[in-house]
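# Give the three-dimensional model of this entry:
(one chain, ligands or ions: 1)
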Amino acid sequence: LCSKTLFFTVRAVKHWNGLYMADFREVFAKAKHIAIITGAGVSAESGVPTFRGAGGFWRKWQAQELATPEAFARNPSRVWEFYHYRREVMLSKHPNPAHIAIAECERRLSKQGRSVVVITQNIDELHRKAGTKHLLEIHGSLFKTRCTNCGNVAANYKSPICPALAGKGLKCPCQQLNAEDGCNGLLRPHVVWFGEALDPDVLTEVEKELAICDLCLVVGTSSVVYPAAMFAPQVSARGVPVAEFNMEATPATNRFRFHFPGPCGTTLPPALARHQTEIIS
Ligand SMILES: [Zn+2]
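Numbers count the residues shown, from 1 in each chain. Predicted structure coming up:
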């Protein structure tokens, strides 16, 4: 490409994106129930490591080797050390402009009787940290534990999560089963591991939200890969507009109404900003 062609190409794309955004903003202004599906790309822009793909190692392991029920059965303390490390990493990570734009949008629209729900595969709670209230964490959370004996789920933000992770992992402090002997079950991270099914209660919630949404955003992930691929096509099939904000150029992208390529910390804030038709009380 000579520089002149490149210049005109860039200008044409910018112009086209501008029109496109105006079109999206019209749809956004009329939406009453917005479902936002978010993925790893949103966390990546906050510097959260995924431990997947090239270079994604913790010690000598990748997430796929430790985030499994088999790995936990073999060596719970090693798996806990991995999750302990991931929790500690999060102390230095902060919500980015995409997380903040989503939370701000929910806050603002709720005052107008409109709803925003975030359906995320991210386990780092950055959406919660940004102020998102209506959050469905389909892969669980780094900051929740679940008892392998009684199933009790508890929030846990301790740092470190226990003084000595070496040995036998964490024991359940709950006394749910029997007051006499307590539960004393082993705790595991409340996250969905490779080879495990999604929580049916969370899925039911997700289905409810998708059935009523009149605008769906897919942010920091692709609508053609799991888990967004489970959700976005059914919304689109109802005739509801789907807008993707991600770095990918996927073949199925043009099946959906909008695609805004680029870092979502850049593309999302103007898309979700207050529309001129919004009346703020
Ligand atoms: Zn228990």
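
# okay but residue 96 is in contact with residue 42, surely?
Yes. Counting by C-beta atoms under 8 Å, residue 96 touches residue 42, with 7.4 Å between them. All C-beta atoms are positioned from the backbone trio N, CA, C, and that covers glycine.

# Name the residue in those two with the higher neighbour count.
residue 42 (31 against 24; other C-beta atoms under 10 Å).

# so how far is the helix or strand that the more buried one is a member of off the chain centroid?
Element membership for residue 42 (DSSP states H and E) is helix 40-44. Its chain's C-alpha centre and that of helix 40-44 lie 8 Å apart, by C-alpha atoms, centre = their mean, to the nearest Å.

# for the longest strand seen in the chain, what is the average pLDDT?
What stands out as the longest strand in the chain, according to DSSP state E, is strand 140-147. The average pLDDT within strand 140-147 is 95.

# can you list contacts of the helix or strand following the helix holding residue 42?
Following helix 40-44 in sequence order, the next helix or strand is helix 63-66 (DSSP H and E). For helix 63-66, the surrounding residues in contact (C-beta atoms under 8 Å, 6 or more residues apart in numbering) are 50, 51, 52, 56, 58, 71, 78, 79, 82, 194.

# Please tell me how far the fourth one sits from residue 96.
By that I understand residue 56. Distance, residue 56 to residue 96, by C-beta to C-beta, to the nearest Å: 20 Å.

# Any part of the longest strand of the chain near the ion?
Yes. Contact between strand 140-147 and the ion, assessed by C-beta under 5 Å from the ion, occurs at residue 147.

# Listing partners with orientation, what would you give for that strand?
strand 153-155 (antiparallel), strand 186-191 (antiparallel) (DSSP bridges).

# Deepest-packed of these, please.
Stretch with highest mean neighbour count among those: strand 186-191 (a mean of 22; mean count of other C-beta atoms under 10 Å).

# and it, what's its mean pLDDT?
pLDDT averaged over strand 186-191 gives 93.

# Within range of the ion, give me the residues from the stretch 1-150 of the chain.
Residues of the stretch 1-150 of the chain lying near the ion (C-beta under 5 Å from the ion): 147, 149, 150.

# number of nearby residues for the second one?
Here the number of neighbours of residue 149 (other C-beta under 10 Å) works out to 16.

# mind putting the contacts of helix 63-66 in CSV, neighbour count included?
Formatted as CSV, the contacts of helix 63-66 follow (neighbours: other C-beta atoms under 10 Å):
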residue, neighbour count
50, 14
51, 18
52, 13
56, 13
58, 17
71, 18
78, 16
79, 23
82, 21
194, 13
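
# Quick check, central residue of this protein?
What sits nearest the mean C-alpha location of the chain, by C-alpha atoms, centre = their mean, is residue 120, with 2.8 Å.

# ok now do it, which residues does it touch?
37, 38, 39, 42, 127, 135, 136, 137, 138, 139.

# do the same with residue 203
Counted by C-beta under 8 Å, 6+ apart, residue 203 has contacts residue 138.

# Regarding it, which helix or strand does it belong to?
Per DSSP H and E: helix 200-212 holds residue 203.

# what about that helix, average pLDDT?
Mean predicted confidence for helix 200-212 is 96.

# what angle separates that helix from strand 140-147?
Helix 200-212 runs at 150 degrees relative to strand 140-147, counting by axes from the mean of the first three to the mean of the last three C-alpha atoms, to 10 degrees.

# CA atoms only for helix 200-212, dumped as PDB, please.
The C-alpha trace of helix 200-212 is given here as PDB (Å, rounded to 0.1, in the frame of the first residue of the first chain):
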ATOM      1  CA  PRO A 200     -27.600 -24.400  36.200                       C
ATOM      2  CA  ASP A 201     -28.900 -21.700  38.500                       C
ATOM      3  CA  VAL A 202     -26.700 -19.100  37.000                       C
ATOM      4  CA  LEU A 203     -27.600 -20.300  33.500                       C
ATOM      5  CA  THR A 204     -31.300 -20.000  34.300                       C
ATOM      6  CA  GLU A 205     -30.600 -16.400  35.300                       C
ATOM      7  CA  VAL A 206     -28.700 -15.800  32.100                       C
ATOM      8  CA  GLU A 207     -31.500 -17.200  30.000                       C
ATOM      9  CA  LYS A 208     -34.000 -15.000  31.700                       C
ATOM     10  CA  GLU A 209     -32.000 -11.900  31.000                       C
ATOM     11  CA  LEU A 210     -31.300 -12.900  27.300                       C
ATOM     12  CA  ALA A 211     -35.000 -13.500  26.800                       C
ATOM     13  CA  ILE A 212     -35.900  -9.900  27.800                       C
END
